[in-house]
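Asker: sequence below, structure please.
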Amino acid sequence: MVIHTLESADRRGATRYEQTAWGRRYTSADGSVRELWLLSFGTAREERSRAEVAAAANTVAFGVPGVAGYGEPYRPVEGLSSIRTDLPSRVRVMGVGCGDGSSVALFDGEPQEIRRLYAEHAVPALGRVVDGTEPRPGSSCVGCRVLNGCAALHRAPGLLGPLPGRRRPRRSMSASDLRSYEECPASFHLTRQLKVRSSRPENSAILRGRAVDAWLNERHSVLPRRACRRSWGPDDPDEWSAGGHVLSGGE
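Answerer: Numbers count the residues shown, from 1 in each chain. Next up, the predicted model:
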């Protein structure tokens, strides 16, 4: 956390500026090395702007830990040792992916280099942020009261409406479909997608699956609706049929 307090209000009417960096913070035992991890959900992000990296490095090098309530100004944590408040001799900013554990070094250098990069890249970017008054669409637009009349939002008529054209049947994939595709993709295309039946009889596992599916469909179509019960199985589990499929004996 870096705090800049002015004696009088500047041209923006502000007397205090705060800069923070969100991430995992680390420091060596003697305070000579500080490190910040910028976290990503999946893989470590390497395509961060120079302004973002410079602002994060500046906070790590020249800032101190702080606390604040919601909507309140930050204040330094009391009781810090002199080691933690001295400037470090080395600062690292790392990008870390929480999904795969990957990491990438975004900055590794001294505070003097950070001052130069901060003035060159971060200061202009931060100035545009605090001076900007034009609307910029973002996640905060969801709760905006002038959302309907805002000209900055991109309009996409029909995006949430029904798609034109004929409706297609729902596509599904079963375990047996995957096994068939693994054995021969061409055979899967002919028999499962084009419905060209093979001359070979279906194996017993597929026949049992079809019989069980038919039995469940029949049970679920019974009126009035009832919860599933163990007694809903076939009266004779050694020989029963459903949907034209007969099972007997060990099957």
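Asker: next, the contact list for the most centrally placed residue in the chain, please.
Answerer: Compute the mean C-alpha point of the chain, and by Cα atoms, centre = their mean the closest residue is residue 41, 5.8 Å away. Taking Cβ atoms under 8 Å, 6 or more residues apart in numbering as the criterion, residue 41 is in contact with 97, 98, 99. Backbone N, C-alpha and C define where each C-beta goes, glycine included.
Asker: export those residues to JSON lines and tack on secondary structure and neighbour count?
Answerer: Putting these into JSON lines (DSSP: H, G, I helix; E, B strand; the rest coil; neighbours: other Cβ atoms under 10 Å) gives the following:
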{"residue": "97", "secondary structure": "strand", "neighbour count": "16"}
{"residue": "98", "secondary structure": "coil", "neighbour count": "13"}
{"residue": "99", "secondary structure": "coil", "neighbour count": "10"}
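Asker: can I get those in JSON lines with pLDDT and distance to residue 251?
Answerer: Formatted as JSON lines, those follow (pLDDT from 0 to 100; distance: Cβ to Cβ, whole Å):
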{"residue": "97", "pLDDT": "92", "distance to residue 251": "50"}
{"residue": "98", "pLDDT": "90", "distance to residue 251": "49"}
{"residue": "99", "pLDDT": "87", "distance to residue 251": "45"}
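Asker: what is the nearest of those residues to residue 71?
Answerer: residue 98 (28.6 Å; Cβ to Cβ).
Asker: ok, residue 100 touching residue 40?
Answerer: No - taking contacts as Cβ atoms under 8 Å, residue 100 lies outside contact range of residue 40: 9.7 Å.
Asker: looking at the protein, which helix is longest?
Answerer: The single longest helix within the chain, with elements called by DSSP state H, is helix 204-220.
Asker: now for it, which elements pack on it?
Answerer: If you count contacts as 3 or more Cβ pairs under 8 Å, 6 or more residues apart in numbering; DSSP states H and E, helix 204-220 packs onto helix 175-183, strand 239-242, strand 245-248.
Asker: mind running it again at 7 Å?
Answerer: Packing contacts for helix 204-220, counted by 3 or more Cβ pairs under 7 Å, 6 or more residues apart in numbering; DSSP states H and E, involve strand 239-242, strand 245-248.
Asker: re the thing from before, so which of the contacts of residue 41 comes closest to residue 202?
Answerer: Closest to residue 202, out of all of the contacts of residue 41 and judged by Cβ to Cβ, is residue 99, at 41.6 Å.
Asker: OK, contacts around the nearest residue to the closest one once chain neighbours are set aside?
Answerer: Leaving aside its sequence neighbours, residue 99 sits nearest to residue 42 (Cβ to Cβ, 6 or more residues apart in numbering; 3.9 Å). With contact set as Cβ atoms under 7 Å, 6 or more residues apart in numbering, residue 42 has these partners: 97, 99, 100.
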